[in-house]
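Colleague: just a sequence and a predicted model for now, questions to come.
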Amino acid sequence: MNINDKGRALAMATLLAASMHVHAKESGAAAASTPAVAPPTSSAAPASTKAADRALRRRVLNALAKAKGLHASGITVRATNGAVKLEGWEPEQAQIDQATRIAQGVAGVTSVTNTLTLSTF
């Protein structure tokens with residue numbers, strides 16, 4: 001090993017030691033300033049609630065799809081804790097009313113908000 005190689009090795013070892021020292025200080029400061037357990041947030045729903053919402057959404061969609069005379073492909077369903085929101089379009093007002101009645105009849109539905117619009121596409 002010549003003198004240039006030894007100098008480079010010494011410089012690298014010094015930089016490595018300095019960076020580890022700074023990193024250790026930053027990690028210690030961060031650990032002291034953050035709580036050990038993060039408080040739960042209201043926007044984060046438990047997985048079981050999300051799964052229940054998805055299952056309810058599927059049940060409502062299936063009930064709408066089975067209904068005679070209803071254009072279910074134009075309807076989007078959102079479910080949150082038993083509250084169902086119907087969005088999209090239907091060609092006749094009678095079908096919009098029918099979609100509301102069907103959704104209300106699905107087990108687990110606590111309320112239905114119908115924002116379906118009339119469309120003749």
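Modeller: Nice, I can see it.

Colleague: remind me what the lengthiest strand in the chain packs against, helices and strands.
Modeller: If you go by DSSP state E, the chain has its longest strand at strand 83-90. Under the contact criterion of 3 or more Cβ pairs under 8 Å, 6 or more residues apart in numbering; DSSP states H and E, strand 83-90 touches helix 47-66, strand 75-80, helix 93-104, strand 111-114, strand 117-118. Placement of C-beta: from N, CA and C, glycine included.

Colleague: now do 7 Å
Modeller: When contacts are defined as 3 or more Cβ pairs under 7 Å, 6 or more residues apart in numbering; DSSP states H and E, strand 83-90 packs onto strand 75-80, helix 93-104, strand 111-114, strand 117-118.

Colleague: rebuild those as CSV, extending it with mean pLDDT, distance to Leu86 and mean neighbour count.
Modeller: Formatted as CSV, these follow (pLDDT from 0 to 100; distance: least, Cβ to Cβ, whole Å; neighbours: other Cβ atoms under 10 Å):
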stretch, mean pLDDT, distance to Leu86, mean neighbour count
strand 75-80, 96, 6, 18
helix 93-104, 95, 6, 17
strand 111-114, 96, 5, 15
strand 117-118, 92, 11, 11
